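Enquirer: Sequence first, predicted coordinates after that:
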Amino acid sequence: MICLLAAAGLLAAGAAAAADVAFTYKTSYRNVSQDPDKIWTGDALAAGSSGTVTIHEYELRTPRGDYLISQIWNDDCASATCPTRLVRVAPHQPPAILVDDMMHQIVPPDDPRFAGLSNSGPQAAFAEHPFLLSDDGKTLVNGDFKFEIGSVKP
């Protein structure tokens, strides 16, 4: 199920714009049946054929607010993509989902496979910073994927 990185798509992405801001790795929750951050619920957390569910998170703090990327590794993952959400987070409020889509599957820095990834070029840049927010705050970039950030989804 785990594809280390879709190299062809990443090479097409090229370098990110200098003004784009990178999310930083926050944490991974492995073998979970519930999401501590309450971003994923219900069937998304059901252990399917793989027997486990893992959630990886990246965060970004900006003057416009704090954001969290949550990618879940479950039976909904394809060969190189997994369900991923961008949420705006605020104290004492539920997460506000801004983007909910399939995105390139990441290999977080605490995963042993991370050490085996290329340490130069576009693939290395993606491995270090798989998620970027455009300078204007309107686009989430994930390798060669781009997602417009819309209004909050319930």
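Expert: Looks like it arrived, so ask away. Residues are numbered from 1 along each chain as shown.

Enquirer: burial measure for Asn119, as a count.
Expert: 10 (other C-beta atoms under 10 Å). C-beta: built from backbone N, CA, C; applies to glycine.

Enquirer: And for His92?
Expert: A count of neighbours around His92, defined by other C-beta under 10 Å, yields 4.

Enquirer: secondary structure class for it?
Expert: Classification of His92 by DSSP: H, G, I helix; E, B strand; the rest coil places it in coil.

Enquirer: can you pull out the strands in the protein?
Expert: Taking DSSP state E as the test, the strands found in the chain are 21-22, 24-29, 54-62, 65-73, 81-89, 96-104, 132-133, 139-142, 145-148.

Enquirer: wait, which of the ones you listed is closest to Asp111?
Expert: For those, proximity to Asp111 was assessed by C-beta to C-beta; strand 24-29 is nearest, at 7.6 Å.

Enquirer: Which strands and helices lie in contact with that closest one?
Expert: strand 54-62 (3 or more C-beta pairs under 8 Å, 6 or more residues apart in numbering; DSSP states H and E).

Enquirer: Make CSV out of the strands of the chain and add mean neighbour count, distance to Ile39 and mean pLDDT.
Expert: Below are these laid out as CSV (neighbours: other C-beta atoms under 10 Å; distance: least, C-beta to C-beta, whole Å; pLDDT from 0 to 100):
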stretch, mean neighbour count, distance to Ile39, mean pLDDT
strand 21-22, 16, 20, 93
strand 24-29, 16, 11, 95
strand 54-62, 18, 8, 94
strand 65-73, 20, 4, 95
strand 81-89, 20, 6, 97
strand 96-104, 17, 8, 97
strand 132-133, 22, 17, 94
strand 139-142, 22, 15, 96
strand 145-148, 14, 16, 97
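
Enquirer: Columns distance to Pro112 on top of those strands, output as JSON lines?
Expert: JSON lines is the format used below for these (distance: least, C-beta to C-beta, whole Å):
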{"stretch": "strand 21-22", "distance to Pro112": "23"}
{"stretch": "strand 24-29", "distance to Pro112": "12"}
{"stretch": "strand 54-62", "distance to Pro112": "14"}
{"stretch": "strand 65-73", "distance to Pro112": "15"}
{"stretch": "strand 81-89", "distance to Pro112": "19"}
{"stretch": "strand 96-104", "distance to Pro112": "19"}
{"stretch": "strand 132-133", "distance to Pro112": "25"}
{"stretch": "strand 139-142", "distance to Pro112": "23"}
{"stretch": "strand 145-148", "distance to Pro112": "26"}
